[in-house]
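Engineer: Turn this into a model:
(chains A, B and C)
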Amino acid sequence: MPELPEVETIKRQLGEVLVGLTITDFWLDTPKMVIGKSEELIKTKVVEVRRRAKLIEIDLNNGRTVLIHLKMTGQLLYQDNSSKTYQDKPLPPLKKSTPNKSTHVIFTFDNGAKLYFNDLRKFGYIKILPTNDVEHTRILSEFGPEPFDPDLTLENFITRLKKRKTMKIKQLLLDQKFLAGVGNIYANEALFKANIDPRKKVAELSEEQMKELFKQVKNVLEVGIKAGGASDQTYVNAFGEKGKFMDYAVVYRRKGKPCETCGAKIERIALGGRGTFFCPKCQL
DNA sequence: CGCCGGACCTGTGGGC
DNA sequence: TGCCCACAGGTCCGGC
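Structural biologist: Residues are numbered from 1 along each chain as shown, chains lettered A, B, ... in the order given. You can find the predicted model right below:
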């Protein structure tokens, strides 16, 4: 499910509501989805909520952090008495209110609030570990730069690109070691905006295309954040609301529909097993 | 080390 | 209507 803009949206919402709350109870029904000792969470207070790539990090005041990966169909729903939070309405994909059979973890807080972790496909996970170890955990230590990191200059981006000459550009964008946070929707959309054929190898890209790609990757992610994420199927934010990015998506999941620029039919192919959508006329 | 296919899960939607 | 297959915002692992 969520890529950088979706996770960023959830992170910002959770930062607003969780900081300062104390965890009083923790429930789970699928042990393989929780790594670490959940008893370490009880009576700890939330200090900060952060994001790295597609992971949410909830820092606690006992030196522990809760890492959460939503993978394809994970949802984090926060509910308290205030009307702006999630209030039991039916949500995709099951069209049922939460909690339901896809609810695998529930945090309870000292103000009576709940944080539900739903995940239809059970790919997601929660990991409890020392805050100091977070950046050394394998998935995090190998991540490439955040797209909006000021240290990631155009020159730096191009240098990193040129080290991966034989890789197809679409697959490289999905490689979290190259760039952290881009997923399938935004990779497809960025390549369209940059007029680049997703099958092209990095070595075949012009300097101008690399420059345009850098710009457009950041652009689509920014539009995604402003739209509150992309609700193609199951995504909702921490308050149960859908994002609006699919209103701006021009190729993703639009096979057979006309390209908004030239009218040619959008094609779908598989690259690395992932659906890849592009305009055969505009993307070279 | 690089790349690829399959695995992990459950549900939906389209075609016949 | 019902069945079967393709497909789904992501990693991770084993094999060549």
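
Engineer: Up against DNA strand B, what does the stretch 151-284 of chain A have?
Structural biologist: Within the stretch 151-284 of chain A, the positions near DNA strand B by Cβ under 7 Å from any atom of the strand are A:164, A:166-167, A:171, A:272-273. Placement of C-beta: from N, CA and C, glycine included.

Engineer: at 6 Å instead, please
Structural biologist: The stretch 151-284 of chain A comes close to DNA strand B at residues A:166-167, A:272-273, as judged by Cβ under 6 Å from any atom of the strand.

Engineer: Apply the buried test to those and list what passes.
Structural biologist: A:Met167 (16 or more other Cβ atoms under 10 Å).

Engineer: Show me which pair in the residues of the stretch 151-284 of chain A next to DNA strand B is furthest apart.
Structural biologist: For these, the maximum inter-member distance is 18.3 Å, found between A:Thr166 and A:Gly273 (Cβ to Cβ).

Engineer: Now pLDDT, distance to DNA strand C and secondary structure too, for the residues of the stretch 151-284 of chain A next to DNA strand B, in a markdown table please.
Structural biologist: Putting those into a markdown table (pLDDT from 0 to 100; distance: Cβ to the nearest atom of the strand, whole Å; DSSP: H, G, I helix; E, B strand; the rest coil) gives the following:
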| residue | pLDDT | distance to DNA strand C | secondary structure |
| --- | --- | --- | --- |
| A:Thr166 | 92 | 14 | coil |
| A:Met167 | 94 | 14 | coil |
| A:Gly272 | 91 | 7 | coil |
| A:Gly273 | 91 | 6 | coil |
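
Engineer: those helices in the stretch 151-284 of chain A, which residues are they?
Structural biologist: Using DSSP state H, counting those that start in this stretch, the helices of the stretch 151-284 of chain A run over residues A:154-162, A:169-174, A:184-193, A:207-226.

Engineer: Single out the most deeply packed of those.
Structural biologist: When you average the neighbours per residue for each of those (mean count of other Cβ atoms under 10 Å), helix A:184-193 leads with a mean of 25.

Engineer: how far is that one from where the chain is centred?
Structural biologist: 14 Å (Cα atoms, centre = their mean, to the nearest Å).

Engineer: Helix A:207-226 and that helix, what's the angle between them?
Structural biologist: Relative orientation of helix A:184-193 versus helix A:207-226 (axes from the mean of the first three to the mean of the last three Cα atoms, to 10 degrees): 140 degrees.

Engineer: what's helix A:184-193 packed up against?
Structural biologist: Here helix A:184-193 touches helix A:169-174, helix A:207-226, strand A:274-278, going by 3 or more Cβ pairs under 8 Å, 6 or more residues apart in numbering; DSSP states H and E.
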